[in-house]
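In: sequence and predicted structure, then a few things I'm wondering about:
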Amino acid sequence: MLKLENLHVSIDGRLVLRGVDLEIGDGEVHVLFGPNGSGKTSLAMSILGYPGYKVISGRIIFDGVDITDKPMEERVRMGIGAVFQNPPKIYGIRLKDLIKIISKSRLNSAEISGLMDRLNIDSSLLNRYLNVGFSGGEIKRSEIAQVLAMKPKLMILDEPDSGVDLDNLQLIGRELAENFKDRSGLIITHHGYILNYVKPVKAHVMINGVIVCDGEPEKILNRIRESGYRWCRRCYEMKMSERL
Amino acid sequence: MLRDEDVRKALEKPAKYGADLDLSSYGFGEAEEFEEIDEDVSRRGMEVGVDLDRRKYLSTFLHVDYSTIYKSVQRQFKDDLELMTIDEALKKYDWVHGLLWKLRDPCEDKYTAFTALNAKGGYFMRILEGRKILIPIQACFLLFTQGIIQPVHNLIVAEPGSEAHILTGCTIHPRVTRGLHLGVTEIYVRRGAKLTYTMVHKWGPEFDVRSRTGILVADGGVFVSNYVMLGELRTFQSQPSARLVGSSSRTSMNNVVYLRGRSEMDLGGEVLLEGAGSRAEIILNSVAGDNAKITTRGRILGLADNVKGHLSCRGLMLSDGAEISTIPILESRKMNSELSHEAAIGKIAEDQLNYLIARGLSRDEAESLIVRGFLDVGRMGLPRPIEEGVRRTIELALKGF
């Protein structure tokens, strides 16, 4: 589904990804861990093709096609959907209007209202301007609803579980688990709460724009919970010295 | 009452804001004979949200140039509303005289002075005590003769506990290019009354407009004004001013304008919070294309205890030739008043565009959605048929966007 080969990416001349290799098979869900500022969000944005994330070298292959030089618009059309951590406020556009536009031809109105119910998005939230005055939890639910309405082949979820209370975490977790039955995904998470609901097949740890290890999600998460990312930094040093 | 001499002197006085017009460059007093509501006129009516189709129902107060053509709208609302021309009202009631020129000063500038001395027509609407009128009351001012001044003076009284929605559409016959519309409107919202006053304007590229609106809101009264102007005109200037003298009275002024061509608009809104616990919200959303120049001025004064006011001025630039200025003013004279404002001007924000593109919209679709969002009338609380009409008008104005 997705293959990253030695991907180097910069923003405003600053290198944020420094040779990332990653492969997500069809129908697989992977999880990406890493400390703040390690480049996780940059990786998500680079896969999506968000303007400003400049590929210096390496390749991005999606669904068998090299998309390294393709604009975001085309990547989205091909089936990449991503939730944003800090989506912009847009006055005048109601959440319901955007959901309707996104889901046209993909979901009928009964399916839309089912999805909204399951994510606890009521008509008052639907009638509000996009992200204007939304709480942290409302942003997450709105973002996830929008991406699910896109029915993408690959879902990239940047911190779907941060700032969400337990009740809403359960709603989101169950809905995502259901939707990951037939699509691939990359989940970025700091705390790993979402892993109580969604079971990825593989985990990766990113340090300083490099993936330093891959392995079993449960094992890696437990290790991080026990000793933080100090342990991963050692692997980073090793990895970098290997490269030299 | 009116000090004629002072008013006459004020005929030379330029307005505080907006381009200064030479009143002698327009004709006055002579109008062409208006025949019938033809297709052109009825289409124009639809564009400003009023239905002028005579066969269906005659529910509009229609004023053409200097004459009131239809006012059979009275029949439709017979027990709830008293509607007549201002001249008829002055003859019928002694007290009407005492309500005129109380909320605007005839000596304010040459436009008020001209109207005070020469007003020809305008409506008087009295929503009777405790009556709730669900159907919007429609009024339409049409300019039919090329190059003339149309000065009108309107008076609205929403009696205690009444509720109504007035929709005023102002426009010109498609063949008219030049002219000046002077509209003075004084609105009294009595105790516990709720009045929604919606104005939709459509003019032409050589047309000038000066309107002067004054509002007085009593205890627990609610005044909502909605203003929509789309397309082109030469110059426009207006700053409705509301005094919320009643305790817990409220007002909300929503303005949505989209100007093109070489249009120059100076649009404001002013609220004086004089009653304890009164509240105001002013929203001025403007979109400027081509070489249009828009100035928006909002002013809220907190003069009583526990008042709240919020002012929002947002401008969207669609062209490098356009200009938008926004001047928000907040003044407080009470420690416990809460006044705030937000203002932003710019082109369509890239992060907003990219966000929508990431959700599967094309760049063009995303741009058009953001512009339409700026012109959103959903928050105006318009009755459905009117909202649909206004949305159609916006779609028409945005054609190709």
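Out: Received the coordinates, thanks.
In: check which residues of stretch A:51-65 are buried.
Out: For stretch A:51-65, burial by neighbour count (16 or more other C-beta atoms under 10 Å in any protein chain shown) applies to A:Tyr53, A:Val55, A:Gly58, A:Ile60, A:Phe62. For glycine as for every other residue, the C-beta is placed from the backbone atoms N, C-alpha and C.
In: no no, stretch A:125-135
Out: Neighbour counts over stretch A:125-135 (16+ other C-beta under 10 Å) mark A:Leu125, A:Leu126, A:Arg128, A:Tyr129, A:Leu130, A:Asn131, A:Phe134 as buried.
In: and those residues, which of them are in helices?
Out: Counted as lying in helices by DSSP state H, out of the buried residues of stretch A:125-135, are A:Leu125, A:Leu126.
In: look up phi and psi at residue 204.
Out: All of this is about chain A. Main-chain dihedrals, A:His204, degrees, to the nearest 10: phi -130, psi 150.
In: I was after chain B.
Out: phi -130, psi 170.
In: ok so, going back, closest to A:Met72 among the buried residues of stretch A:51-65?
Out: The nearest member of the buried residues of stretch A:51-65 to A:Met72, counting by C-beta to C-beta, is A:Tyr53 at 9.5 Å.
In: quick one, what contacts that closest one?
Out: For A:Tyr53, the contact set (C-beta atoms under 8 Å, 6 or more residues apart in numbering or on different chains) comprises A:Val9, A:Ile11, A:Val16, A:Ser42, A:Met45, A:Ser46.
In: cutoff 7 Å now
Out: A:Val9, A:Ile11, A:Ser42, A:Met45, A:Ser46 (C-beta atoms under 7 Å, 6 or more residues apart in numbering or on different chains).
In: which SSE is the first one in?
Out: It refers to A:Val9. If you go by DSSP states H and E, A:Val9 is part of strand A:2-11.
In: which ones among the buried residues of stretch A:125-135 map onto strands?
Out: Counted as lying in strands by DSSP state E, out of the buried residues of stretch A:125-135, are A:Tyr129, A:Leu130.
In: so who does whichever residue of chain A sits closest to chain B touch?
Out: With C-beta to the nearest C-beta, the shortest gap between chain A and chain B falls at A:Gly92, namely 2.5 Å. A:Gly92 sits next to A:Tyr129, B:Gly373, B:Phe374, B:Asp376 when contact means C-beta under 7 Å, 6+ apart.
In: put the alpha carbons of stretch A:80-89 into PDB.
Out: What follows is stretch A:80-89, C-alpha atoms only, in PDB (Å, rounded to 0.1, in the frame of the first residue of the first chain):
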ATOM      1  CA  ILE A  80      -4.800   9.100   1.200                       C
ATOM      2  CA  GLY A  81      -6.700  10.700   4.000                       C
ATOM      3  CA  ALA A  82      -5.200  12.300   7.000                       C
ATOM      4  CA  VAL A  83      -6.500  13.900  10.200                       C
ATOM      5  CA  PHE A  84      -4.800  17.100  11.300                       C
ATOM      6  CA  GLN A  85      -3.700  17.900  14.900                       C
ATOM      7  CA  ASN A  86      -4.400  21.600  14.600                       C
ATOM      8  CA  PRO A  87      -6.900  22.200  11.800                       C
ATOM      9  CA  PRO A  88      -7.500  25.800  10.900                       C
ATOM     10  CA  LYS A  89     -10.700  27.600  11.800                       C
END
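In: just the buried residues of that stretch, please?
Out: Those would be A:Ile80, A:Gly81, A:Ala82, A:Val83, A:Phe84, A:Gln85, A:Pro87, A:Pro88, for stretch A:80-89 by 16+ other C-beta under 10 Å.
In: what's the answer for stretch B:20-38, then?
Out: By neighbour count, with 16+ other C-beta under 10 Å as the criterion, the buried positions of stretch B:20-38 are B:Leu21, B:Leu23, B:Tyr26, B:Phe28, B:Ala31, B:Phe34, B:Ile37.
In: can you check stretch B:333-344 too?
Out: B:Ser337, B:Leu339, B:His341.
In: the second one and B:Ile300 touch, don't they?
Out: Yes. Under the contact definition of C-beta atoms under 7 Å, B:Leu339 touches B:Ile300, with a separation of 5.6 Å.
In: which neighbours do the two have in common?
Out: Common neighbours of B:Leu339 and B:Ile300 (criterion: C-beta under 7 Å, 6+ apart): B:Gly309, B:Leu330.
In: re earlier: now the contacts of A:Tyr53 in CSV, with neighbour count?
Out: As requested, the contacts of A:Tyr53 are exported to CSV (neighbours: other C-beta atoms under 10 Å in any protein chain shown):
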residue, neighbour count
A:Val9, 26
A:Ile11, 15
A:Ser42, 22
A:Met45, 24
A:Ser46, 25
